[in-house]
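*Asks:* please find the sequence and the predicted model below.
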Amino acid sequence: MSERSKVDDKGARVVASEIATVARGVVGELYRYIKPRVVPKITDWVSENINLSMNPYKPNYFNLELVPYLREPLERATEYVEYGGRVEIVLTGIEQLGKTIFFCSLVPYFALFYDESCLITYRSKEFAERMNSEKLLPIMRNISEFHGQLSRRENITKEFYQLQNSKVYFQGSDNIMGVSYPVCMSDEVDKWVTHEGKPHPRDEVKKRMRSFENSLDLAVCSPHKTKSSSRITQEFLKGSRGYYHLKCQNKGCNHYIASFDIGALDKGEVDSETGEIVAKNIRLICAECGYRHAENQKAKMIKEGCYIHQRSDRFARRKYSFQVGALASQFAALSWENILNEQQESGSTAPLEKQINFANSFKGLPFKRKKVTSEELKQLKNHCMSKPEKDDVIAIMMSLDTQRGHFKYITRAILKGGRSYLLDYGEFKDFMAAENYYKTKLFYQTIEEKKLQNGAKKKVINGISVCSAIWDEGGHISKIVQRRAAALPGVWIYKGFSLRGGKLYEISKSNQRRINGDKKYWNANLLHYLLIDENSESFGLPYNIKDDYLAEINASRPPNGNYEINFERWDFGERRHDYFDCEKMWYLLKHFMIERLTPEQWLRARGENDLSLMRKANTNKHRRRRAKRDLTDY
């Protein structure tokens, strides 16, 4: 064979080999798409493939035996690809229960078996970058199918991860992008950046799925602060309201104990010398059969537990919500001993921050404000009295507390003998309603017939009108309040300050219609009338007073439950106290009017209650002293 023939034969073999290689690749790709795809169950796949370790030589696979409360949420999340339609899932509860790992497990599962892209929204862009580098990226790189793809620098950016057939996009709640994805996941919703006057970022995220027939909306977060301020709690309540329960281990008992029911723990006998809780004496009591569980039974109780959904009727609309409390945790940090110790430090007399933290981080629930007890209501109702006669009334004044979009008010009468009586209280929806009330409201109305000169009779309505008012300035609409109050004779504006030099109040230099009051003193002044003054009629209330008013009046509490602490150090925490503020301002106005004006001046028509009269009264010390004496001796 010639040299030329040898070369041609060798070239042909090389070409044939390359063609065979390409053909095998094509056939392999075709087979990959033609062969039936076997999709494993999500719970099985997670346990075998989600490796939480950063060290490839020491794998640490996600163990659902430790967190059985994640089984149902994981299974529900796959319904949108198995059955189609829109699925909404909310997972809330204590911190460190595996919420972030929960959605970090779903991302690679959907990308690998369904080629689904997803959008993950964190509280901020910077937080997204840190969470991805610490949790999501290591998890996905530990999965062999994604390791090569996520080892290329061009496939990893701060905004997205580019996979072979899908994409994972990230954003912060402070900058919602106009991208559409079938799977949207929201992390730590209660910590998102919100802006007044704009929709909540969660509402913007929900819009990203409108164009998809099949979609998954998933939100995870521990509740923060109170029910009204917790977005995740509001969304939880719109779902199926599933609470994780532990199975009673007593034979024949089918009762379940809620994982947030810390009250089911009995500390048993404490140490006789130190008074400390002894771990081995703690028992978890079943309310149904009374069985006392030891802590070594906890793991089995949790494993055999389940979610009990209060609104299972919402399954039809695929609205699932799940809540987990500290009793469902098998971690040492949440042992029964630690839970009870924290409960003792977070009692009703503990600082508000402690109480909120216990509700959020141990019960996994939003903090619920303490209601007024029957004993406290009984004490306040000692101030109830019959409505005074018209002749006992010296004057009527009102006080308004400015809120966002409405005004709370009280109207109280000054009576003879230094007493007072609450005539009316309620809420105005706008400025116009408040102004009309002040201008036209009459108390103790009587109708008389007056004979005119032509012999005709005319009905005349008589009564006692409101002679003066004090109106909380309200920081958000202070300019509007100042302008509206300036147009009403006899109306003063209130602003709370911490005044120096023992001053109880002062007239503002920038606005002669504004009274700057020492807020701590006037808070303490009202507490004195409520709790100490032996003359209960100094703060008279009607017998039909409602509990909502009493609850706000009773909102102030001493720090650490120490009732011997000066009233000026008491605070409201997060308890609502609008009516308390109204009453506090009313007593300031009463003090101001008695000290600065004579009875003849401030009991006349409202139009005479201006600063010129006040200055005139201040020039006559004798008349000022007589004013104080007259109103005290009535």
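*Replies:* Done, it's in.
*Asks:* show me where the stretch 151-300 of the chain has its strands.
*Replies:* Taking DSSP state E, counting those that start in this stretch as the test, the strands found in the stretch 151-300 of the chain are 160-162, 167-172, 183-187, 215-221, 242-247, 256-258, 265-266, 283-285, 292-293.
*Asks:* redo those strands as TSV? Include mean neighbour count and distance to Glu506.
*Replies:* Glycine gets a C-beta too; all of them are placed from N, C-alpha and C. Shown next, in TSV, are those (neighbours: other CB atoms under 10 Å; distance: least, CB to CB, whole Å):
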stretch	mean neighbour count	distance to Glu506
strand 160-162	18	60
strand 167-172	21	46
strand 183-187	25	50
strand 215-221	24	46
strand 242-247	24	54
strand 256-258	21	54
strand 265-266	18	54
strand 283-285	19	59
strand 292-293	18	63
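*Asks:* just put the ones you listed in JSON lines and tack on mean pLDDT.
*Replies:* Output for the strands of the stretch 151-300 of the chain, formatted as JSON lines (pLDDT from 0 to 100):
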{"stretch": "strand 160-162", "mean pLDDT": "90"}
{"stretch": "strand 167-172", "mean pLDDT": "90"}
{"stretch": "strand 183-187", "mean pLDDT": "92"}
{"stretch": "strand 215-221", "mean pLDDT": "93"}
{"stretch": "strand 242-247", "mean pLDDT": "96"}
{"stretch": "strand 256-258", "mean pLDDT": "94"}
{"stretch": "strand 265-266", "mean pLDDT": "91"}
{"stretch": "strand 283-285", "mean pLDDT": "93"}
{"stretch": "strand 292-293", "mean pLDDT": "94"}
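*Asks:* and of those, who's closest to Lys441?
*Replies:* strand 215-221 (47.1 Å; CB to CB).
*Asks:* same for the closest one, what does it pack against?
*Replies:* strand 86-93, helix 99-114, strand 183-187, helix 201-207, helix 231-237 (3 or more CB pairs under 8 Å, 6 or more residues apart in numbering; DSSP states H and E).
*Asks:* which parts of the stretch 1-150 of the chain are helices?
*Replies:* 3-34, 42-49, 71-77, 79-82, 99-114, 125-131, 137-141, 144-147 (DSSP state H, counting those that start in this stretch).
*Asks:* so which bits of the third one are buried?
*Replies:* Right, helix 71-77. 72-74, 76-77 (16 or more other CB atoms under 10 Å).
*Asks:* nearest to Phe322 among these?
*Replies:* Phe322 lies nearest to Pro73 out of the buried residues of helix 71-77, by CB to CB, at 5.3 Å.
*Asks:* quick one: that closest one from Val193, how far?
*Replies:* 26 Å (CB to CB, to the nearest Å).
*Asks:* what's the answer for Leu137, then?
*Replies:* Taken as CB to CB, the span from Leu137 to Val193 is 24 Å.
*Asks:* check Arg210 too.
*Replies:* 23 Å.
*Asks:* wait, is Ile308 part of a helix?
*Replies:* No: using DSSP: H, G, I helix; E, B strand; the rest coil, the secondary structure at Ile308 is strand, not a helix.
*Asks:* and it, how far from Ser222?
*Replies:* 21 Å.
*Asks:* which of these two has more neighbours?
*Replies:* Counted by other CB atoms under 10 Å, Ile308 and Ser222 do not tie: Ser222 has more neighbours, with 24 against 13.
*Asks:* residue contacts, that one?
*Replies:* Ser222 makes contact with 92-95, 99, 188, 190, 232, 360-361, 364 under the criterion CB atoms under 8 Å, 6 or more residues apart in numbering.
*Asks:* now do Asn516
*Replies:* Contacts of Asn516 (CB under 8 Å, 6+ apart): 495-497, 499, 505-508.
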